[in-house]
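Participant: Got a sequence here, can you build the structure:
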Amino acid sequence: MIGVLAFSQLDGRLATVENSAAMHSENLARIEASMATNQDAPISSDHIQNTRLSSLEAQVAADLTRIEVLEQRLYEVARGSP
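Facilitator: Now for the predicted structure:
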């Protein structure tokens, strides 16, 4: 009788451990899949950063155009043409 009781207790505990291990394995697989999906997903701050970069690129292009105009005027003044 004691052996049967001990075996049933041991069997119950092993079943609990097996169920917990299976549940944890499923959770880990779900977390790994979520991490893989979100690895290259854009971050909300990326849009703000890209907007700022576009604005700065436009400003640099406008400044380069102004510099070219000023260089042209400087060369004209240096050559003596008004």
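Participant: Only C-alpha atoms from now on, for both contacts and neighbour counts.
Facilitator: Will do.
Participant: burial count for H24?
Facilitator: Neighbour count for H24, taken as other Cα atoms under 10 Å: 12.
Participant: how close does it get to L5?
Facilitator: 29 Å (Cα to Cα, to the nearest Å).
Participant: And L64, by the same measure?
Facilitator: 88 Å.
Participant: For the protein, which segments count as helices?
Facilitator: 2-38, 44-79 (DSSP state H).
Participant: Using CSV, lay out those helices together with mean pLDDT.
Facilitator: Output for the helices of the chain, formatted as CSV (pLDDT from 0 to 100):
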stretch, mean pLDDT
helix 2-38, 90
helix 44-79, 90
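Participant: per-domain residue ranges of this structure.
Facilitator: 1-41, 45-82 (automatic domain parsing).
Participant: Just give me how far the shortest one sits from the chain centre.
Facilitator: Meaning domain 45-82. Centre-to-centre, domain 45-82 and its host chain are 33 Å apart (Cα atoms, centre = their mean, to the nearest Å).
Participant: And the longest one, by the same measure?
Facilitator: Here the centre of domain 1-41 is set off from its chain's centre by 31 Å, with Cα atoms, centre = their mean.
Participant: Look up phi and psi at A41.
Facilitator: phi -70, psi 140 (degrees, to the nearest 10).
Participant: That one: how many residues sit nearby?
Facilitator: 9.
Participant: That one and S34, how far apart?
Facilitator: From A41 across to S34, the span is 11 Å (Cα to Cα).
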